[in-house]
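Participant: this one's sequence-less:
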């Protein structure tokens, strides 16, 4: 399972430009995943902003094309989120087509307990998307606060009137000679004001700019005040984030840190002019969230079937030897306790028909493991069929119940995990049937 990937940019404040589409405050274009807009008129700065998303080095959250008369068509993929263009036009991408309860999907993916949070929202706009992130963040942060903020040794470099730690000779020599009672010192302090907690505070302050629900915003502000008593406001980069390593002493931060990565993974524009409005883009790739959901559902299902183990992003044998060999890591590998492969699965967050690329990828896993395989899709109600590889190994496309007709989160989890369990039971049943026929022969 890959890490959740967020694509986003937050630009400097900008001034509205004159001309076509110059001031679109309050205008909203609402799209679903894998959708396209009607032709719309955009100014050049809006177009430049959209095209700049291609420079992120990841899957582009939005694609643009042009009609013969210069109008713009915006196409979406598997990313969910929002973008506010320089003109003020807001583009929302929601997962309504595949998930009616985005909060439940995110909650299950990150295994976040929010049962005690009496906040409910209808997920029909990008604002509720940020509220969903906010609900999870608030719940995870409260868990951390109740547990206690993590303390760690942090290097300090200060000017003091007494020696603490060791004297920084280079800085001390740069001090004015007349100041004989001030010392440039360097020491390690065991404190809550460390990179991990600064990361949490930095992401919380950004999240407060995005959530719309007043009750949620109020609770997040209370948590910010609590953090500010022990943690300073510092800029946190993705390089800083990659340096954070959790241990058994602070593993209760794991889900909170993942949510912080979603919020902080953004880059800054340098080429926008000063003004009153910020251009903002923040998207989450639902493929990565769905991989989390599928792995967790298969793990839960396997617990009820004896002798099965589940591994996410497992390294499996390669079919190709030599310089053309590539790493093969399926989203889910199910094995018996002795390591024998039972089935391999790849998660695909899409609602259309099965693509040739999906089939080729899974086929390579099946041949490498000599085991059945499945492409796992979100629930759409479509017909899913079974094929075979080399006339021997079943290849199926199945749906996980991501959109069940239920009223509670517990029922949502039950339906989700039951759909995974049905597939594993079918694989086990087919395996036993083959074993019985072999013995009879």
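Facilitator: Arrived safely. What you are looking at is a predicted structure, and each value in this text was computed from that prediction instead of being measured.
Participant: where's the host helix or strand of residue 300 relative to the chain centroid, distance-wise?
Facilitator: Under the criterion of DSSP states H and E, residue 300 resides in helix 286-303. Averaged C-alpha coordinates place helix 286-303 at 14 Å from its chain's average position (C-alpha atoms, centre = their mean, to the nearest Å).
Participant: quick check: mean pLDDT across that helix?
Facilitator: In this model, helix 286-303 has an average pLDDT of 91.
Participant: after it comes which helix or strand?
Facilitator: strand 308-312.
Participant: buried stuff in the helix holding residue 300?
Facilitator: Buried positions in helix 286-303, judged by neighbour count with 16 or more other C-beta atoms under 10 Å: 286-302. Any C-beta I mention is one placed from the backbone N, CA and C, and that applies to glycine too.
Participant: now the angle from that helix to strand 308-312?
Facilitator: Here the directions of helix 286-303 and strand 308-312 differ by 160 degrees (axes from the mean of the first three to the mean of the last three C-alpha atoms, to 10 degrees).
Participant: so which strand or helix has residue 426?
Facilitator: helix 409-440.
Participant: now swap in residue 138 and tell me
Facilitator: helix 126-147.
Participant: hmm, back to that, packing partners for the helix holding residue 300?
Facilitator: On a contact count with 3 or more C-beta pairs under 8 Å, 6 or more residues apart in numbering; DSSP states H and E, helix 286-303 meets helix 102-110, strand 308-312, strand 332-336, strand 341-347, strand 393-400, helix 409-440.
Participant: And the contacts of the second one?
Facilitator: Going back to what we said before, that points to strand 308-312. Residues outside strand 308-312 that contact it (C-beta atoms under 8 Å, 6 or more residues apart in numbering): 1, 291, 295, 298-299, 302, 331-337, 342, 424.
Participant: Tell me which two in those residues are the farthest apart.
Facilitator: Spatially, the most separated pair among the contacts of strand 308-312 is 291 and 337, at 24.4 Å (C-beta to C-beta).
Participant: Now the closest residue to residue 418 other than its chain neighbours, what are its backbone angles?
Facilitator: Counting by C-beta to C-beta, 6 or more residues apart in numbering, residue 418 lies nearest to residue 401, which is 7.0 Å off, once chain neighbours are set aside. Per-residue torsions, residue 401: phi -80, psi 70 (degrees, to the nearest 10).
Participant: Identify the residues contacting residue 51.
Facilitator: By C-beta under 8 Å, 6+ apart, the residues touching residue 51 are residue 64.
Participant: quick one: it from residue 85, how far?
Facilitator: Computed as C-beta to C-beta, to the nearest Å, the residue 51 to residue 85 distance reads 12 Å.
Participant: Residue 415 is in contact with residue 404, isn't it?
Facilitator: Yes. Counting by C-beta atoms under 8 Å, residue 404 is a contact partner of residue 415 at 3.7 Å.
Participant: picking up where we left off before, how about the helix holding residue 138: buried residues?
Facilitator: In helix 126-147, counting by 16+ other C-beta under 10 Å, buried: 126-142, 144.
Participant: cool, and stretch 302-317?
Facilitator: The neighbour-count check on stretch 302-317 (16+ other C-beta under 10 Å) flags 302, 308, 310, 311, 312, 314, 316 as buried.
Participant: what's the pLDDT at the fourth one?
Facilitator: What it means is residue 311. For residue 311, pLDDT reads 89.
Participant: Please name the bridge partners of it.
Facilitator: Counting by DSSP bridges, residue 311 is bridged to residue 333.
Participant: mind starting the numbering at 58 from now?
Facilitator: Understood, numbering begins at 58; the last thing we discussed is residue 368.
Participant: of all the contacts of strand 365-369, which comes closest to residue 303?
Facilitator: residue 58 (16.8 Å).
Participant: Isn't residue 309 up against residue 205?
Facilitator: No. With contact defined as C-beta under 8 Å, residue 309 does not reach residue 205; the gap is 9.2 Å.
Participant: Who has more neighbours out of those two?
Facilitator: Set side by side, residue 309 and residue 205 show more neighbours around residue 309, with 16 against 10, by other C-beta atoms under 10 Å.
Participant: and the nearest residue to that one once chain neighbours are set aside, how far is that from residue 308?
Facilitator: Nearest residue to residue 309 in three dimensions, chain neighbours excluded: residue 204, at 5.2 Å (C-beta to C-beta, 6+ apart). Distance of residue 204 to residue 308, computed by C-beta to C-beta: 10 Å.
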